[in-house]
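Peer 1: Kindly return the folded structure for what I paste below:
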Amino acid sequence: MDKKKVKELIEQIQKYCDQAYSPNWQPKSFEEFVKLGNICREAIKELSKSDWVSVEDGLPEYGENVLAISKDGYMNVSYRRKIPRDKISREVMDDNGFILNFNLHCSTITHWKPIDKLEE
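Peer 2: Numbering: from 1, shown residues only. As a prediction, this is how the structure comes out:
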C-alpha cells in the first residue's frame, strides 16, 4: 500500500466535500460525482494492498530497520549492511545484504516492510 497515494486521494475527496459545504455550491455535472466515486474506489483499492514488499520488487535503504520475513517463515526486525561478501559469512548476511538473526533460524529474506513510526 502506498500511504502517500491514499493520503492524496483522500485529500481530493475532502476538497470536493469542503466545496459542498458552501451555500452557493452546485455540482457542475454528473461526471463530477462519477469522478468522486472513482477516487473513492481507487483509495479503497490502494488500502487493500499489502504493505509487504518482495525483495524482487525493491529493497530498503541500507541501515533502515524493517520487519523482514524469511523463506522459512521466520519474522524479525532486520536491516541491510554494505559489507563485502568475503568479510562476512552467509549465516550472518544474505545475498541482498540483510543481516540475519532469526533465533538461530537463518535463511534468505523474501519480503520486508517498513516499520511505521509511533504516533504521538
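Peer 1: Going by C-alpha atoms from here, please, whenever you check contacts or count neighbours.
Peer 2: OK.
Peer 1: buried residues in stretch 31-43?
Peer 2: Neighbour-count burial for stretch 31-43, counted by 16 or more other Cα atoms under 10 Å, picks out 36, 39, 40, 43.
Peer 1: Adding pLDDT, write those residues out as a markdown table.
Peer 2: Converted to a markdown table, the buried residues of stretch 31-43 look like this (pLDDT from 0 to 100):
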| residue | pLDDT |
| --- | --- |
| 36 | 80 |
| 39 | 84 |
| 40 | 85 |
| 43 | 85 |
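Peer 1: Nearest to residue 99 among those residues?
Peer 2: Set against residue 99, the nearest of those by Cα to Cα is residue 43 (34.8 Å).
Peer 1: where does the residue most central in space within the chain land on pLDDT?
Peer 2: Note on the chain: the residue nearest the mean C-alpha position is residue 51, at 4.1 Å, using Cα atoms, centre = their mean. As predicted, residue 51 sits at a pLDDT of 84.
Peer 1: now, among the buried residues of stretch 31-43, which is nearest to residue 26?
Peer 2: Relative to residue 26, and with distances defined as Cα to Cα, the nearest of the buried residues of stretch 31-43 is residue 36, at 14.5 Å.
Peer 1: Pull the distance from the host helix or strand of the closest one to the chain's centre.
Peer 2: In the assignment (DSSP states H and E), residue 36 maps to helix 30-47. Its chain's average C-alpha position is 21 Å from that of helix 30-47, according to Cα atoms, centre = their mean, to the nearest Å.
Peer 1: And stretch 4-20, by the same measure?
Peer 2: 20 Å.
Peer 1: So what touches the strand or helix carrying residue 13?
Peer 2: Here residue 13, judged by DSSP H and E, is contained in helix 3-20. Defining contact as Cα atoms under 8 Å, 6 or more residues apart in numbering, one finds that helix 3-20 is touched by 25, 26, 36, 39, 40, 42, 43, 46, 47.
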